[in-house]
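Asker: starting from these lines, generate the structure:
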Amino acid sequence: MLAPLNSTMIVVALPALLHQFDRSLAWGSWIIISYLVAMATVQPLSGSLGDRMGRRRLMLLGLVAFLAASLLAALAWNIEILLLARTAQAIAGAIAIPNGAALVRAELPVKRQASALGSIGGAVAIAAGLGPTLGGLLTDLAGWRWIFAANVVLILPALALLLRLSDRPVTGPARRFDLLGATLLTTTLVTLVLAVTLLQVPASPRALSAALAVLGLAGGAALLRHIPRSSHPLVSPALFRAPGYAAAVFGVLLTNLAMYTVLLSLPLFLAADAGWNPGATGLLLSGLSLQMVIFSPLGGRLADGRGFRLPAALGASLILLGLLPLLAISTTWGWPMYLGALILIGTGTGLATAPIQASALLAVPAAQAGQASGFYSTMRYLGSIAGSTLMAALLAGEHPALGHVRALYALLCLAAVAAIVVCTQLPGATRASTQPESLA
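Answerer: The predicted structure is shown next:
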């Protein structure tokens with residue numbers, strides 16, 4: 001629950017902390033973007049390290065580091081320290097998350113893994129749904145610093161539970177760290193996000209954005225050349241030859257792009273163009289998160305009983321059905337129109353999440369579960385980054401044009417259609433990989 005809670009709590013606290021430090025909204029954007037980029041960048045490396053050094057050990061390291069970074073953020077004496085602590089939080093979370101999923105792969109029987117991941121998905125949805133409300137309450141009652149200090153309430157019990165697990169020996173082959181691959185991935189993500197973000201800053205030179213875009217594309221091309229030539233790549237190309245893995249990672253990218261962009265863009269539209277207050281908007285958005293709480297466990301149980309393809313494709317189809325009414329979004333709509341769309345999108349996301357993730361984990365041998373989980377999580381965050389960037393490009397200005405809002409949802413409909421096609425390529429039966437232990 002730590003990662004989604006810290007992704008959403010801070011949104012409502014940004015005005016207060018920016019006012020205290022007397023900084024512009026651009027700093028607020030960096031506080032959010034740095035978290036997403038660090039999460040996306042570090043997870044493949046930390047998953048590979050977990051395969052080599054032990055998942056439990058890496059998850060313990062990530063949780064302890066998250067606790068230290070949270071306390072630093074709560075005590076931050078300037079915004080630069082807060083940005084540093086926020087990035088450290090993301091790196092620590094990125095160490096823990098893929099190794100937590102890999103522990104599910106290692107500890108549970110095949111027929112229970114999708115259900116377990118569905119339960120985890122429900123907890124994630126609870127955290128994401130409560131984040132804005134909890135962040136607002138803590139900021140109003142005690143100040144923004146307490147949104148970071150409150151992480152102690154989750155981290156200490158998590159550490160106690162994790163210490164109960166046995167420290168299983170690592171069975172996979174020893175692998176060197178792919179520092180070059182990690183550097184290229186970081187360079188690519190950071191420069192491309194910077195390039196698009198700076199386009200939204202009026203005083204920013206356009207030549208700088210162009211130069212960063214070129215650097216990012218060059219980094220991406222170098223990464224693609226490096227991976228097949230390396231004996232210890234950050235992400236093994238063999239992962240994509242495992243049945244269902246490629247479909248799973250592209251499925252989570254597309255479904256998360258659609259859901260996360262709606263979650264970000266609808267409050268902006270309702271506040272700027274429709275005149276809604278934050279309380280009414282937060283209550284409306286619970287229609288999306290509540291469905292995910294209910295249907296994530298159900299999606300996992302369906303996957304365990306009927307295979308991955310059916311619940312994942314059904315979930316992606318419901319996301320599309322929820323997006324279609326938004327093509328005609330209007331400032332005159334009442335809450336039932338929005339709520340119906342959000343219920344469908346939340347239900348679809350809940351049904352699809354666990355089958356897609358379980359398909360990715362079970363497609364590979366247990367020894368490579370950390371690497372597979374790390375890249376899967378990176379693709380999920382890339383969906384969030386792509387959605388945030390797309391929204392920033394189309395909805396610039398204090399009052400975004402209605403036509404631009406509709407264009408954004410039209411693009412999300414295309415992403416949902418692509419997600420349906422991708423999910424039909426998932427395995428129809430729930431089974432673990434029968435490949436040799438090493439995919440390297």
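Asker: look up how far Asn277 lies from Arg23.
Answerer: Counting by CB to CB, to the nearest Å, the separation of Arg23 from Asn277 is 25 Å. Any C-beta I mention is one placed from the backbone N, CA and C, and that applies to glycine too.
Asker: likewise for Ala182?
Answerer: Using CB to CB, Ala182 is found at 44 Å from Asn277.
Asker: so these two - more neighbours on which side?
Answerer: Remark: of Ala182 and Asn277, Ala182 carries more neighbours, 18 against 9, as counted by other CB atoms under 10 Å.
Asker: for that one, what are its contacts?
Answerer: Shown in contact with Ala182 (CB atoms under 8 Å, 6 or more residues apart in numbering): Thr41, Val42, Pro44, Leu45, Leu234.
Asker: run the last query once more with 10 Å
Answerer: Counting by CB atoms under 10 Å, 6 or more residues apart in numbering, Ala182 touches Thr41, Val42, Pro44, Leu45, Ser46, Ser48, Leu223, Leu234.
Asker: pLDDT value on the last one, please?
Answerer: At Leu234, the pLDDT value in this model is 66.
Asker: check the third one too.
Answerer: The per-residue pLDDT reported for Pro44 equals 73.
Asker: in terms of helices and strands, where is the spatially most central residue of the chain?
Answerer: With distances taken as CA atoms, centre = their mean, Tyr381 lies nearest the centre of the chain, 3.7 Å away. Using DSSP states H and E, the element containing Tyr381 is helix 369-394.
Asker: ok, and for whichever helix or strand comes after that helix, which residues are buried?
Answerer: As assigned by DSSP H and E, the chain's next helix or strand after helix 369-394 is helix 402-423. For helix 402-423, a neighbour-count test (16 or more other CB atoms under 10 Å) marks 405, 408-409, 411-413, 415-420, 422-423 as buried.
Asker: from the residues you listed, pick the one nearest Leu361.
Answerer: Cys423 (16.1 Å; CB to CB).
Asker: and that closest one, how far is that from Ala258?
Answerer: Cys423 is 13 Å from Ala258, by CB to CB.
Asker: identify the contacts common to those two.
Answerer: Ala316.
Asker: related to what we said a few turns ago, nearest residue to the residue nearest to the centre of the chain other than its sequence neighbours?
Answerer: Ala40 (3.7 Å; CB to CB, 6 or more residues apart in numbering).
Asker: how far off centre is the strand or helix carrying that neighbour?
Answerer: In this assignment (DSSP H and E), Ala40 forms part of helix 25-53. Averaging C-alpha positions (CA atoms, centre = their mean, to the nearest Å) puts helix 25-53 10 Å from its chain's average.
Asker: and Gly220, how close does it get to Asn151?
Answerer: Per CB to CB, Gly220 is found 34 Å from Asn151.
Asker: neighbour-wise, which of these two wins?
Answerer: Shown here are Gly220 and Asn151; by other CB under 10 Å, Asn151 has more neighbours (23 against 17).
Asker: please consider this matter closed, and thank you.
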